[in-house]
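In: The amino acid sequence is not available; the structure is as follows:
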Ligand SMILES: NC(=O)C1=CN([C@@H]2O[C@H](COP(=O)(O)OP(=O)(O)OC[C@H]3O[C@@H](n4cnc5c(N)ncnc54)[C@H](OP(=O)(O)O)[C@@H]3O)[C@@H](O)[C@H]2O)C=CC1
Ligand SMILES: CC(=O)C(=O)O
Ligand SMILES: [Mg+2]
């Protein structure tokens, strides 16, 4: 699995450089347009909250970002498992962590890299920045200095200070271990446990595991010098000494013999297959070193089929990584204005995570992952994209904080808090990650028709390298090679399969097929030959029709109407055939689908009802429960106009069909999207804002989509072609590489 989705160094650098260096930006949350706005945001208006805070410091949580702002602080002395590479080099990781805070728990976080290895200097710097933040996440600071720094800051600051490599890792490791042992039927008290890596993560993991019931005499900790045994002198410190074992074992190999559990927070490749082979029955192996584990799951499973294996990586099952903890621990802590994150809050987090993995996985999670997950050896811990995490974990953390007296502002109504957490997250992110996961599961052979376009080639490379499946690029070999080289992707010409229409061995079959379809439509054999051999859209569609690829992406180089015409030579994809284009607009955490954006020029009421049904199918396929509005410039009969009437009648057509989704109309777009405007029509049958917008004609569809894209900067996915036998997606000529890749993923989602 890891090979298929291998990330190349170029890709990693490109991701970090484009479109702007780094991974986040600061966005104002208040209007900044007028003179008056400036007077409120800055002088003189800003003086009022200044005085209020001076008088009552706790109001800083009301008037500033403090209550939702975390500092991710590092000095770069233990960057992942890469070692001490300095403060500046740690910045990509700390930026990454900051955006994960935002993505998973809507916590604003900023990275702070401190150029010092002196614990006193770090303590002073962090203490001084205390007023700015609601919490401090220490990161990738090596042991043993990290223990001193965290301890002192916890004592001296009145906000949570949390070294994630220690406690975040320990919490997730504990959650995974609870479940792994549950599956093997072993009790923690009876297990022989070996932990490799006696640093920040290692010491904290073993402490928590012991606090949960593991026996000191059953645990052996190792570091670069081997087993930490009683009386060892070399490479010791007080934190290691506390775990020194009374044992004759001296090497990791000795220690692993007969062990039930291996916990690795050390370095790549520290464990050999022989060591795994020597473990007890049903061994549990958490190889958590990043970016590469102590041993890969393939290697471990090759010698021990009965092993439960987890790593810190996202490209294997069972990701035991602190990303499952820190966003939610801080969310819960910030929401009670906590003074600290204490042991009870950490244990509550571990238990809630363990319990969540044992619950039935709802369909929306399965849709997001493209496969059914159920508690077992390959699913012992929730996956990071599980949308339930945000409303299950923070309440457990907050509750524990409230019960142990660290809450400055307790939550009064937990039910409402849970609802607020659900509403807080941007559903667009989970839709996009769901599309990606389903595409990955499909492993579709994707036909990229326009191999003469650099954007398409880049998208094809990224599709294949990201492990979605095989990319088949239609074009001339030499041309594709040249373009890939010019794009700095020379290596990829050996990876991609280039299909050249001129020398395809299937050409006769394709020509016969096309002749059968078009002979009575004014095409002679000469026309057919030219179309099959020379037109890449037609050739690609023929490949798809014959099963020589699973799905097709095209349209980046020609206008979509023209491409549709060519596709229709091979497939029945006209309005009469029931084809519909549905465009997804993603903006400010909302998703709406607009239809028909591609096929019907001027639909009648029956067509509009069909379009609604196709829009609903697309929304549901992306895990969204649809509510359809038939849009117009009038609402429920006023003003009266022939153009509005057909939108009204379309809704009656759906009445007749007895469909299983909400719909109503006609209505204006503000009534459809704004519940306050909708409330003026209490008889309206929609129970929430509409998310499938059926528009009167293609021109209104095009205008609305492009206006949202240009003026509001909305993300546009589509038009998604729906109602055709095979997965075909048509990009627009202004598509970026990312847009084309997204279209390929959408096409892949329809495969299988
Ligand atoms: N999956 C996850 O969520 C997380 C994973 N990690 C991973 O854990 C590892 C350690 O991180 P952290 O604790 O912050 O780092 P530290 O620098 O604090 O500690 C590293 C420890 O690992 C030991 N070590 C290094 N190489 C080996 C080896 N080959 N065999 C045995 N012991 C070794 C060191 O030994 P010595 O004391 O002798 O120098 C030291 O005790 C990293 O790979 C990191 O990516 C960390 C946090 C979270
Ligand atoms: C995941 C993490 O924090 C680490 O590897 O350091
Ligand atoms: Mg770390």
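Out: Ah, there it is. Not measured: the values here are computed from a predicted model. Residues are numbered from 1 along each chain as shown. Ligands and ions are numbered 1, 2, ... in the order given.
In: Contacts made by stretch 23-34 with the rest, please.
Out: When contacts are defined by C-beta atoms under 8 Å, 6 or more residues apart in numbering, stretch 23-34 is touched by residues 16, 37, 38, 40, 41, 92, 95, 96, 98, 99, 102. Where you see a C-beta, it was placed from the backbone N, CA and C, and this is true even at glycine.
In: rerun that using 6 Å as the cut-off
Out: 37, 95, 99 (C-beta atoms under 6 Å, 6 or more residues apart in numbering).
In: again with stretch 391-405
Out: 328-329, 331-332, 335-336, 338, 342, 344-345, 348-349, 352, 356, 407, 410-411, 414, 417-418, 421-422.
In: quick one: residue 327 from ligand 3, how far?
Out: 14 Å (C-beta to the ion, to the nearest Å).
In: before we move on, the earlier item: can I get the buried part of the contacts of stretch 23-34 as one PyMOL selection?
Out: Per 16 or more other C-beta atoms under 10 Å, the buried members of these correspond to this PyMOL selection:
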select buried, resi 95
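In: Next step: the contacts of stretch 23-34 restricted to helices.
Out: When DSSP state H is applied, the contacts of stretch 23-34 are split such that 37, 95, 99 fall in helices.
In: Take the contacts of stretch 23-34 and lay them out in JSON lines including pLDDT.
Out: Output for the contacts of stretch 23-34, formatted as JSON lines (pLDDT from 0 to 100):
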{"residue": "37", "pLDDT": "93"}
{"residue": "95", "pLDDT": "98"}
{"residue": "99", "pLDDT": "97"}
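In: which among the contacts of stretch 23-34 gets closest to ligand 3?
Out: Using C-beta to the ion, residue 95 is the member of the contacts of stretch 23-34 that lies nearest ligand 3, at 13.2 Å.
In: pLDDT below threshold where in the stretch 301-450 of the chain?
Out: Along the stretch 301-450 of the chain, segments meeting pLDDT under 70 span 362-371, 427.
In: try 90 this time
Out: Counting by pLDDT under 90, the ranges of the stretch 301-450 of the chain that qualify are 314-315, 359-374, 383-388, 419, 422-438, 440-441.
In: From residue 518, how far off is the most far-flung residue of the chain relative to its centre?
Out: Taking C-alpha atoms, centre = their mean, the residue of the chain most remote from its mean C-alpha position is residue 524, at 50.6 Å. Per C-beta to C-beta, to the nearest Å, residue 524 is found 9 Å from residue 518.
In: cool, residue 88 as well?
Out: 63 Å.
In: higher neighbour count, the two?
Out: Set residue 88 next to residue 518 and count neighbours by other C-beta atoms under 10 Å: residue 518 wins out with 16 against 10.
In: now the strands for the stretch 401-550 of the chain?
Out: 446-448, 471-474, 497-499 (DSSP state E, counting those that start in this stretch).
In: And the last one, what's buried?
Out: In other words, strand 497-499. Neighbour-count burial for strand 497-499 flags 498, 499 (criterion: 16+ other C-beta under 10 Å).
In: Residues contacting it from elsewhere in the structure, which ones?
Out: Counting by C-beta under 6 Å, 6+ apart, 472, 473, 474, 475, 477, 480 sit against strand 497-499.
In: go again using 10 Å as the cut-off
Out: Strand 497-499 is contacted from outside by 445, 447-449, 451, 457, 460, 464, 470-481, 484, 506, 536, 539-540, 543, 548-549, using C-beta atoms under 10 Å, 6 or more residues apart in numbering.
In: What's the mean pLDDT across it?
Out: The average pLDDT within strand 497-499 is 97.
In: Mind checking what secondary structure residue 222 has?
Out: strand (DSSP: H, G, I helix; E, B strand; the rest coil).
In: contacting residues around it?
Out: 194-198, 202, 228-229, 245, 249-256, 264, 266, 270.
In: now do 6 Å
Out: Under the criterion of C-beta under 6 Å, 6+ apart, the contact list for residue 222 reads 196, 252.
In: still on that earlier bit, the strands of the stretch 401-550 of the chain: which one's closest to residue 662?
Out: Evaluated with C-beta to C-beta, the strands of the stretch 401-550 of the chain place strand 446-448 nearest to residue 662, the distance being 34.5 Å.
In: could you say what helices and strands the closest one packs with?
Out: Applying 3 or more C-beta pairs under 6 Å, 6 or more residues apart in numbering; DSSP states H and E, we find strand 446-448 packed against helix 454-465, strand 471-474, helix 536-545, strand 551-554.
In: What count of nearby residues applies to the closest residue to ligand 1 within the stretch 201-350 of the chain?
Out: Nearest residue of the stretch 201-350 of the chain to ligand 1 (C-beta to the nearest ligand atom) works out as residue 312 at 2.9 Å. Neighbourhood size, residue 312 [other C-beta under 10 Å]: 27.
In: Verify the stated contact: it with residue 288.
Out: Yes - counting by C-beta atoms under 6 Å, residue 288 is a contact partner of residue 312 at 4.4 Å.
In: Residue 57 versus residue 129, what's the distance?
Out: 16 Å.
In: The two: which is more packed in?
Out: More neighbours surround residue 129 than the other of residue 129 and residue 57, with 15 against 12 (other C-beta under 10 Å).
In: Next one, pLDDT for residue 48 please.
Out: 97.
In: brain fart, residue 736
Out: Residue-level pLDDT assigned to residue 736 equals 87.
In: again, but for residue 225
Out: 98.
In: Helix, strand, or coil at the spatially closest residue to it that is not a sequence neighbour?
Out: Excluding the flanking residues, the one nearest residue 225 by C-beta to C-beta, 6 or more residues apart in numbering is residue 235, at 4.7 Å. Assigned with three-state DSSP, residue 235 falls in the coil class.
In: How about the contacts made by residue 130?
Out: Residue 130 makes contact with residue 157, according to C-beta under 6 Å, 6+ apart.
In: isn't residue 451 right next to residue 475, touching?
Out: Yes - the pair residue 451 / residue 475 is scored as a contact, 2.5 Å apart, by C-beta under 6 Å.
In: Residue 350 and residue 280, how far apart?
Out: 24 Å.
In: do the same with residue 240
Out: Distance from residue 240 to residue 280, by C-beta to C-beta: 25 Å.
In: More neighbours: those two, which one.
Out: The neighbour comparison of residue 240 against residue 280 (other C-beta under 10 Å) goes to residue 240, with 20 against 17.
In: which residues sit against the host helix or strand of the more buried one?
Out: Residue 240 belongs to helix 238-241 when assigned by DSSP states H and E. Residues outside helix 238-241 that contact it (C-beta under 6 Å, 6+ apart): 144, 147, 198, 203, 228.
In: buried residues in it?
Out: Of the residues in helix 238-241, those buried (16+ other C-beta under 10 Å) are 239, 240.
In: for stretch 264-278, same thing?
Out: 264, 265, 266, 267, 268, 270, 271, 272, 275, 276, 278.
In: Quick check: residue 150 vs residue 162, distance?
Out: 8 Å.
In: before we move on, what about residue 565?
Out: Per C-beta to C-beta, residue 565 is found 60 Å from residue 162.
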